[in-house]
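J.: Have a look at this prediction, sequence included:
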Amino acid sequence: MKPFLLTATALALCLAGRAAAQTAGATGDWELTWETPRDEVTQALTLHQNGNALTGTLEMRPPRAGMQRAGGGGRPGGQRPGGERGPMRMDIESGSVDGNTITFRVVRQMRGRAMEMEFTGTLDGDTMSGTVRGMFGGGETEWTTVRASP
């Protein structure tokens, strides 16, 4: 009887540990990469998973110094409207994890308008991939991430 109880207890602990690992699966610092019409960009994504809820930030770094828009526009040195410099941090909204499916959105203020970006993807260990909608005139592009730290 004792060997059965020990085996059952060990199995229950393993299953509980696996469920806890899956619940915390998206938590960590990630490097998110996507293609833009001009370049491939990598942004900093920080996620905190609590059950099925997902919160965090997306840090959009300014373009490289001297990068120009197609047609010759652009802000040299990565300046944002108003002459601000440096990264733009946006809070993750409506974030959730369902199994290995991850969804969240961020809202970026751009030229006085709100640009909503909706991310949907699949979590696979230390990588994620999916699509983001709402960029570049409402279009859709693919994104990938690699975990930078847990």
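T.: Okay, I see it.
J.: which residue packs closest to Glu140, ignoring adjacent ones?
T.: Distances taken as C-beta to C-beta, 6 or more residues apart in numbering put Arg133 closest to Glu140, at 4.7 Å, once the chain neighbours are dropped. Using the backbone N, CA and C atoms, a C-beta is placed for each residue, glycine as well.
J.: residues in contact with Asp124?
T.: Residues near Asp124 by C-beta atoms under 8 Å, 6 or more residues apart in numbering: Asn100.
J.: Same question for Thr141.
T.: Neighbouring residues of Thr141 by C-beta under 8 Å, 6+ apart: Trp34, Glu35, Thr36, Thr131, Val132, Met135.
J.: Identify the farthest-apart pair in those.
T.: Longest distance between any two of the contacts of Thr141 is 14.3 Å, between Thr36 and Thr131; criterion C-beta to C-beta.
J.: Below-threshold pLDDT in this structure: ranges please.
T.: Residue ranges of the chain with pLDDT under 70: 1-24, 62-87, 135-138.
J.: Quick one: the strands in it, in order.
T.: Counting by DSSP state E, the chain has strands at residues 28-35, 40-50, 53-60, 88-91, 93-98, 101-110, 113-124, 127-135, 139-149.
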